[in-house]
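Engineer: sequence-free structure coming up:
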Ligand code: 6V0
């Protein structure tokens, strides 16, 4: 006797129903924070985890599966073999080598390059139509590496870039004014991390552009105050790492938010790392964050945000530095 009795005249599921699949490569602190946020937000039908540390990987998978009674139904799978990712709509890469004490940034990058040589080609082979979302650091250079190794059009290779930096920025402004960070529009662009560029003229709250409002009302503000807020954005990451050893929750939410925009075709504007050649006088093949419209097809376009002379110059300087490092990598 079967447990279920079939109903009569049942039609098969609609062939047009889409089944979403997201793969997370690297089940470390960042990968798992992303995975759990994706699950709680019901963003996918199938979630796959890939890591070379097979015990940890299986432990993480089981731990998530055991939460099934409290979560929307999602099939969770894992393997050290990338064939498990076949047919993914989105592949999020968080795998990265850890910096060894005294190791140079370039050496770490060389090790991550070897890692990407092992990771990216199979992902592409198993999911030729996927979007690659790179999170591993240095994210802008590794997004370029992933683009080169994948042979994908650039709209389908994106770095999480300054999406997180911008969220920290919005939090600090919102916290200062005691309001909801979702009502604060503000962008940090350029290179993720130390040399990022804060777009002060982009800050608007409830439709009011903040700096022009202050100026029109003759309310004084110090450039130093603005610089201190930007400095807090940059120092924020270091402080979290000093205090808890790594960052995870904010990057988890920020990447899950991006995943929603791709998978659910939200056509939302996110500051993410895109091929910046041709924008703001950048002539090299480098990836830098610019406010981009993203949806099911990946990056759909880049907004024509106004940068003043100093901001443009800083963006160009970052592009030059990144380009030099890429030349040394020989890819
Ligand atoms: P972690 O906890 O060391 O996790 C890395 C994971 O990658 C480990 O579980 C490894 O076993 C795994 N791994 C190594 N090689 C492979 C491979 N070939 N295939 C699959 N998995 C592999 O590091 P954590 O999760 O803390 O950070 C991951 C990366 O994210 C680092 O490069 C960070 O610098 C970067 N971050 C990027 C941020 C951003 O805003 N872009 C923010 C935070 C961290």
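Structural biologist: Looks like it arrived, so ask away. Small disclaimer: the values here were computed from a predicted structure and weren't measured.

Engineer: for residue 325, give me its contacts.
Structural biologist: With contact set as CB atoms under 8 Å, 6 or more residues apart in numbering, residue 325 has these partners: 106, 109, 141. Where you see a C-beta, it was placed from the backbone N, CA and C, and this is true even at glycine.

Engineer: select only the buried ones of those residues in PyMOL?
Structural biologist: Buried members of those, defined by 16 or more other CB atoms under 10 Å, are picked up in PyMOL with:
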select buried, resi 109+141
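
Engineer: and which of the contacts of residue 325 is nearest residue 70?
Structural biologist: residue 141 (39.1 Å; CB to CB).

Engineer: which phi and psi does that closest one have?
Structural biologist: phi -70, psi -40 (degrees, to the nearest 10).

Engineer: renumber starting at 2 from here on
Structural biologist: All set: I'll call the first residue 2, so the last point we hit is now residue 142.

Engineer: how far away is it from the ligand?
Structural biologist: 11 Å (CB to the nearest ligand atom, to the nearest Å).

Engineer: repeat for residue 266
Structural biologist: Noted for residue 266: a distance of 23 Å to the ligand, by CB to the nearest ligand atom.

Engineer: find the nearest non-adjacent residue to that residue, please.
Structural biologist: residue 297 (3.9 Å; CB to CB, 6 or more residues apart in numbering).

Engineer: quick one: residues contacting the one you found.
Structural biologist: Residue 297 touches 263, 264, 266, counting by CB under 8 Å, 6+ apart.

Engineer: taking those residues, please make a PyMOL selection of just the buried ones.
Structural biologist: To isolate the buried ones among the contacts of residue 297 in PyMOL, judged by 16+ other CB under 10 Å, type:
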select buried, resi 263+264
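
Engineer: now secondary structure too, for the contacts of residue 297, in a markdown table please.
Structural biologist: Shown next, in a markdown table, are those (DSSP: H, G, I helix; E, B strand; the rest coil):
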| residue | secondary structure |
| --- | --- |
| 263 | helix |
| 264 | helix |
| 266 | coil |
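
Engineer: can you put the contacts of residue 297 in a markdown table and add pLDDT?
Structural biologist: Shown next, in a markdown table, are these (pLDDT from 0 to 100):
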| residue | pLDDT |
| --- | --- |
| 263 | 98 |
| 264 | 97 |
| 266 | 96 |
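
Engineer: circling back to that earlier point, tell me the one among the contacts of residue 326 nearest to residue 237.
Structural biologist: Nearest to residue 237 among the contacts of residue 326, with distances taken as CB to CB, is residue 142, at 21.7 Å.

Engineer: wait, that closest one touches residue 109, no?
Structural biologist: No: the pair residue 142 / residue 109 is not scored as a contact, 10.8 Å apart, by CB atoms under 8 Å.

Engineer: and the helix or strand that contains residue 35, what's buried?
Structural biologist: With elements taken from DSSP states H and E, the one containing residue 35 is helix 30-41. Applying a neighbour-count criterion of 16+ other CB under 10 Å, one finds 30, 31, 32, 33, 34, 35, 36, 37, 38, 39, 40 buried in helix 30-41.
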